[in-house]
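Colleague: Predicted coordinates and the sequence they were generated for:
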Amino acid sequence: MSQSFAINKNKEMIVGLDSHIYWRPTKDIFDEKLRRLAMESNGDENVALQLILRNLTEVLIASSDGVERIIQQRLNDGIIRDAGQARVNAAGSNYQSLIAYALVKNIISGNLPPFYVVLKPKKHKIAKKYLTVKVGGEEQKPDMDIMIYKEEKDTPAVIYSCKTSLRERAGQTYRWKLLVDAASCISLCKHEPNCRLKQLDISYESERPIRVGFITADLYGEINQPQHRGMFKFFDYAYNTNNNTTVETVKTLDHIINDLRDLYQ
């Protein structure tokens, strides 16, 4: 399919975000932050679109008042009963949408090559076909919030788990990555019959290269805790959308631009 088709599909995806109940305040803050960054960059929106990637945590936090007004209105109208759960759901959904929105804006601007950005991709045909690991007959799939890919089967697909904090299900994705690595090791290496990896009965077959990334807003400053630092080494890519990151294996999200350029060009 043509590059213009991919761009148009991505545009449709971000237009569809407007139907998400809590998205508008976050989008408005993003667009305002982008305008300010463009002004600071001598009117260069392409530069601003890269810089904003390391400011998405700030955008998410700044939009919380607008989101709270919607939650309170829905609470008063009897549409929802649990404001706390609504806040959690809105933060997670808006964060994933922010990342997808920013990636598509960078594709449209030409900062990134044209590829497909899929939000909530669990039911996508590529996810179903290439992302199942079998362990003793049971299927294991990664926790993924965004997937990017090109149509060509010899090009990698990249899945990202996007979490506002490390208290969420970060471990599920990296355990899946470990299973894939173990399955690949079994297929490439000669193991003794009593090798523990063989006893686990892991199998994984994929015609398409898969890369696994983790993106966090690190809302609670957990990124430097010892129990979390080691986890990031298992991912192909690990990013923080907060402007300050102090862990060698975690880069600010603006580095995703060069990483994806290298991967697809």
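Modeller: Yes, it's here. Numbering: from 1, shown residues only.
Colleague: going forward, measure contacts and count neighbours with C-alpha atoms only.
Modeller: Fine.
Colleague: helices and strands around the helix or strand in which Met39 is found, which ones?
Modeller: Here Met39, judged by DSSP states H and E, is contained in helix 23-40. Helix 23-40 sits against helix 45-51, helix 56-62, helix 64-76, helix 83-109, with contacts defined as 3 or more Cα pairs under 8 Å, 6 or more residues apart in numbering; DSSP states H and E.
Colleague: Strands of the stretch 101-250 of the chain, residue ranges please.
Modeller: In the stretch 101-250 of the chain, the strands defined using DSSP state E, counting those that start in this stretch lie at 116-119, 133-135, 138-140, 146-149, 157-163, 202-203, 210-216, 237-240.
Colleague: Quick one: mean pLDDT for the second one?
Modeller: If I follow you right, that is strand 133-135. The pLDDT scores in strand 133-135 average 78.
Colleague: ok, now which ones touch Lys27?
Modeller: Leu98 (Cα atoms under 8 Å, 6 or more residues apart in numbering).
Colleague: so where is the stretch 151-265 of the chain shaky, pLDDT-wise?
Modeller: Residue ranges of the stretch 151-265 of the chain with pLDDT under 70: 167-174, 184-201, 203-204, 245.
Colleague: For Tyr130, report the pLDDT, please.
Modeller: pLDDT, read off for Tyr130, is 82.
Colleague: tell me, how many neighbours does it end up with?
Modeller: Using other Cα atoms under 10 Å, the number of residues around Tyr130 comes to 17.
Colleague: Next one: Gln265 from Ile223, what distance?
Modeller: 31 Å (Cα to Cα, to the nearest Å).
Colleague: Looking at those two, which one has more neighbours?
Modeller: Neighbour tally, Gln265 and Ile223, criterion other Cα under 10 Å: the higher count belongs to Ile223, 21 against 7.
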